[in-house]
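1. Following is a predicted model, sequence given first.
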Amino acid sequence: MGLGGSAKAIRHNRRMFERLSLVARLYNDGWARGDFDVVFELLDPEIVWTTIEGAPDSGTYRGHQGVRRYMQDWLDSFDFDTGASKIEEAIEVGDRLVCVQVGIGTGKGSQVTSEIHYACVYAFGDDDRIVEVREYATREEALEAARRPPAPHSSSRAHASPRER
């Protein structure tokens, strides 16, 4: 491989590392601490966040305030420690990042610690803020979704689930 190929690979790896770091900050420095200043620094103001289909909280949350409501519902029910969200695997698929994740929280009422295993597809804007998050129950579902071409008009903002927030 010539130097041009190596430089391209280094830029590619740096971009993936930066995006992965951003996702980790979103969950551990922002959401787990209830620090919405950090959350909103990392998310585009017109973020579209779609939760796992069929989950009790399933739906699409739009904009900073929609995402705040979604995250606050979780914070009202669970205590999350810093580092409570772990990224077990990250795969770049085109311009998207697929992360296989585990979230660990303790129920405020029950004091029972639970783990949730899931995967997300992240799309990023030109400023590297997250413009879209789509949650999936499995790695395979997330990878399949990430391989589909994005909907017209950047990411899949044109898509709306039956239940919007």
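-> Arrived safely.

2. Okay, and residue 141 sits in which element?
-> Take DSSP states H and E as the rule and residue 141 turns out to sit in helix 139-147.

3. Just give me how far that helix sits from the chain centre.
-> Centroid separation between helix 139-147 and its chain, computed with Cα atoms, centre = their mean, to the nearest Å, is 14 Å.

4. again with stretch 67-86
-> 13 Å.

5. Buried residues in it, which are they?
-> Judged by neighbour count (16 or more other Cβ atoms under 10 Å), stretch 67-86 contains these buried residues: 67-68, 70-71, 75, 78, 80, 84-85. In this view, the C-beta of every residue, glycine as well, is placed from N, C-alpha and C.

6. Show me where this structure has its helices.
-> 3-25, 36-42, 63-77, 139-147 (DSSP state H).

7. Tabulate these (JSON lines), appending distance to residue 54 and mean pLDDT.
-> Formatted as JSON lines, the helices of the chain follow (distance: least, Cβ to Cβ, whole Å; pLDDT from 0 to 100):
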{"stretch": "helix 3-25", "distance to residue 54": "23", "mean pLDDT": "75"}
{"stretch": "helix 36-42", "distance to residue 54": "25", "mean pLDDT": "96"}
{"stretch": "helix 63-77", "distance to residue 54": "16", "mean pLDDT": "94"}
{"stretch": "helix 139-147", "distance to residue 54": "11", "mean pLDDT": "96"}
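
8. Give me the contacts around stretch 141-148.
-> By Cβ atoms under 8 Å, 6 or more residues apart in numbering, the residues outside stretch 141-148 that reach it are 91, 93-94, 96, 98, 100, 119-121, 134, 136.

9. Kindly recompute the last result at 7 Å.
-> With Cβ atoms under 7 Å, 6 or more residues apart in numbering as the test, stretch 141-148 has contacts from 91, 93, 96, 98, 119-121, 134, 136.
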